[in-house]
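Enquirer: Here is the input, now give the coordinates:
(one chain, ligands or ions: 1)
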Amino acid sequence: MRVKICGLIQAEQAVAIANLGATALGFICVPASPRYVTSEEIREIVAQLPENIDKVGVFAHSSIPEISQIVRDTGLTCVQLHGDESPEFCSLLRESLPNIQIIKALRVRSIEHLAQVSDYTKYIDTLLLDAYHPQQLGGTGQTLDWQILEQFQPSCPWLLAGGLTPDNVVTALNQVKPDGIDLSSGVEIQPGDKDLNKVALLFEKLGKWKALSLE
Ligand SMILES: O=C(O)c1ccccc1N[C@@H]1O[C@H](COP(=O)(O)O)[C@@H](O)[C@H]1O
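Expert: Numbers count the residues shown, from 1 in each chain. The predicted structure is shown next:
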């Protein structure tokens with residue numbers, strides 16, 4: 001199970017969360033977010049992380065030259081597109097950054113919104129489903145309607161996001177079968193300030209869930 005913890009702003013917390021078992025860490029490159037980090041800050045944190053963890057830059061409505069510059073400046077290994085980027089945009093980004101993984105986030109309003117998934121899958125590595133919020137792009141703490149995702153099996157790997165917490169993650173995973181999960185506000189004290197006890201509890205719950213599902 002891939003586990004991405006998103007919205008890191010402190011190097012010490014990023015290193016601690018990597019050591020707890022996260023497979024990916026996310027850095028918000030959206031200036032309007034309270035979790036926004038500059039290229040210099042990302043570069044400093046990335047330099048302290050283990051090689052084998054994915055370092056994900058989260059973008060929304062940025063241009064390809066802007067994204068490429070930030071990737072070059074920081075050592076990010078993955079780009080998450082969290083705005084209204086089209087399949088064509090993903091395809092062009094892939095041509096510009098062939099060695100960088102692409103995660104496309106879709107903010108799902110209803111089951112009908114899932115129809116667009118097949119337009120994206122050949123241009124991306126991973127799909128991410130987040131809850132829709134009319135005013136905010138992400139990090140909202142709002143959950144998706146997991147029931148509409150019970151049969152969801154796209155042709156590429158996918159991550160479940162949106163309002164996941166150590167308290168609800170097992171319920172979510174018993175209902176939905178993603179390849180991984182993504183958490184931000186559910187393991188925070190305040191935006192960007194991660195609660196390491198909550199992150200540790202998350203991994204404890206995931207360990208028990210995995211052991212039970214192997215029985
Ligand atoms: O976290 C943010 O501030 C943010 C800003 C702009 C785009 C995406 C953002 N975060 C993403 O939101 C989801 C879910 O967050 P939560 O667990 O519901 O708090 C996650 O994929 C973050 O990458």
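Enquirer: C-alpha from now on. contacts and neighbour counts both.
Expert: Noted.
Enquirer: who does the top strand by length along the chain touch, helix- and strand-wise?
Expert: What stands out as the longest strand in the chain, according to DSSP state E, is strand 101-108. If you count contacts as 3 or more Cα pairs under 8 Å, 6 or more residues apart in numbering; DSSP states H and E, strand 101-108 packs onto strand 78-81, helix 87-96, strand 126-131.
Enquirer: Output the contacting helices and strands for the helix or strand just after it.
Expert: Using DSSP states H and E, the helix or strand that directly follows strand 101-108 along the chain is helix 117-120. Taking 3+ Cα pairs under 8 Å, 6+ apart as contact, the helices and strands that helix 117-120 lies on are helix 87-96.
Enquirer: Distance of the residue lying closest to L202 once chain neighbours are set aside relative to the ligand?
Expert: Among residues not flanking L202 along the chain, P166 sits closest, at 4.5 Å (Cα to Cα, 6 or more residues apart in numbering). Separation of P166 from the ligand (Cα to the nearest ligand atom, to the nearest Å) stands at 11 Å.
Enquirer: so P166 sits right up against D195, yeah?
Expert: No: P166 is not in contact with D195 according to Cα atoms under 8 Å; the separation is 11.3 Å.
Enquirer: on that earlier part again, report the inter-axis angle for the longest strand of the chain versus strand 126-131.
Expert: On the basis of axes from the mean of the first three to the mean of the last three Cα atoms, to 10 degrees, strand 101-108 is oriented at 30 degrees to strand 126-131.
Enquirer: Determine whether any part of strand 101-108 lies close to the ligand.
Expert: No: applying Cα under 6 Å from any ligand atom, one finds strand 101-108 out of contact with the ligand, separated by at least 7.2 Å.
Enquirer: Also compute the angle for that strand relative to helix 87-96, please.
Expert: 160 degrees.
Enquirer: From the chain's centre, how far out is strand 101-108? Work that out for me.
Expert: 8 Å (Cα atoms, centre = their mean, to the nearest Å).
Enquirer: Identify each buried residue in it, please.
Expert: Across strand 101-108, burial judged by 16 or more other Cα atoms under 10 Å covers Q101, I102, I103, K104, A105, L106, R107, V108.
Enquirer: And for stretch 74-82?
Expert: Using 16+ other Cα under 10 Å as the burial criterion, the residues of stretch 74-82 that qualify are T74, G75, L76, T77, C78, V79, Q80, L81, H82.
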